[in-house]
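A.B. asks: Provided below for reference: sequence and predicted model.
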Amino acid sequence: MTDVAIDLIAARARLAGAVATFALKDPVPSPCVSVCRMDAERVLCIGCLRTIPEISAWSRMTDDDKRGVWARIEQRLVETTP
């Protein structure tokens, strides 16, 4: 198994764990897991499963918008994990 594959597996595990850990009253954490590479179609970061617009807008988003991104990440995890 390559280092890239190991990094990706670890990143996905951290994302999956993070989805369920923050409460509505808490500040919404960034999904960035420091595996910053776009997929072949340049649609999603393979580390955090966000789009380029989601990544670039993150710091300006409201907490509700950030929770929406997390909900999409959770769905993407389901769709992309075998």
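C.D. replies: Received it, and whenever you're ready, just let me know what you need.
A.B. asks: Look up how far Asp7 lies from the residue nearest to Arg42 when sequence neighbours are not counted.
C.D. replies: The shortest distance from Arg42 to any non-neighbouring residue, by C-beta to C-beta, 6 or more residues apart in numbering, is to Ile52 (7.7 Å). Bear in mind the C-beta positions are built from the backbone N, C-alpha and C, glycine included. Ile52 sits 20 Å away from Asp7, going by C-beta to C-beta, to the nearest Å.
A.B. asks: So the two - more neighbours on which side?
C.D. replies: Neighbours were counted for Ile52 and for Asp7 using other C-beta atoms under 10 Å; Asp7 has more, 16 against 12.
A.B. asks: Doesn't the more buried one belong to a helix?
C.D. replies: Yes - the assignment for Asp7 (DSSP: H, G, I helix; E, B strand; the rest coil) places it in a helix.
A.B. asks: In space, what's closest to it - neighbours in sequence excluded?
C.D. replies: Among residues not flanking Asp7 along the chain, Val35 sits closest, at 5.0 Å (C-beta to C-beta, 6+ apart).
A.B. asks: Run the chain-centre distance for stretch 64-75.
C.D. replies: 9 Å (C-alpha atoms, centre = their mean, to the nearest Å).
A.B. asks: quick one: the helices in the chain?
C.D. replies: For the chain, the helices defined by DSSP state H occupy 3-19, 52-57, 63-80.
A.B. asks: what mean pLDDT would you report for the first one?
C.D. replies: I take that to be helix 3-19. When pLDDT is averaged along helix 3-19, the result is 67.
A.B. asks: Next: stretch 66-76.
C.D. replies: Mean pLDDT, stretch 66-76: 88.
A.B. asks: Neighbours of the residue nearest to Asp7, how many?
C.D. replies: Neighbours of Val35 under the rule other C-beta under 10 Å: 17.
A.B. asks: One more: Lys66?
C.D. replies: Close neighbours of Lys66, defined as other C-beta under 10 Å, add up to 20.
A.B. asks: mind listing what the nearest residue to it once chain neighbours are set aside touches?
C.D. replies: Distance criterion C-beta to C-beta, 6+ apart; nearest residue to Lys66, sequence neighbours excluded, is Val28 at 3.9 Å. Residues in contact with Val28 (C-beta atoms under 8 Å, 6 or more residues apart in numbering) are Phe22, Asp63, Lys66, Arg67, Trp70.
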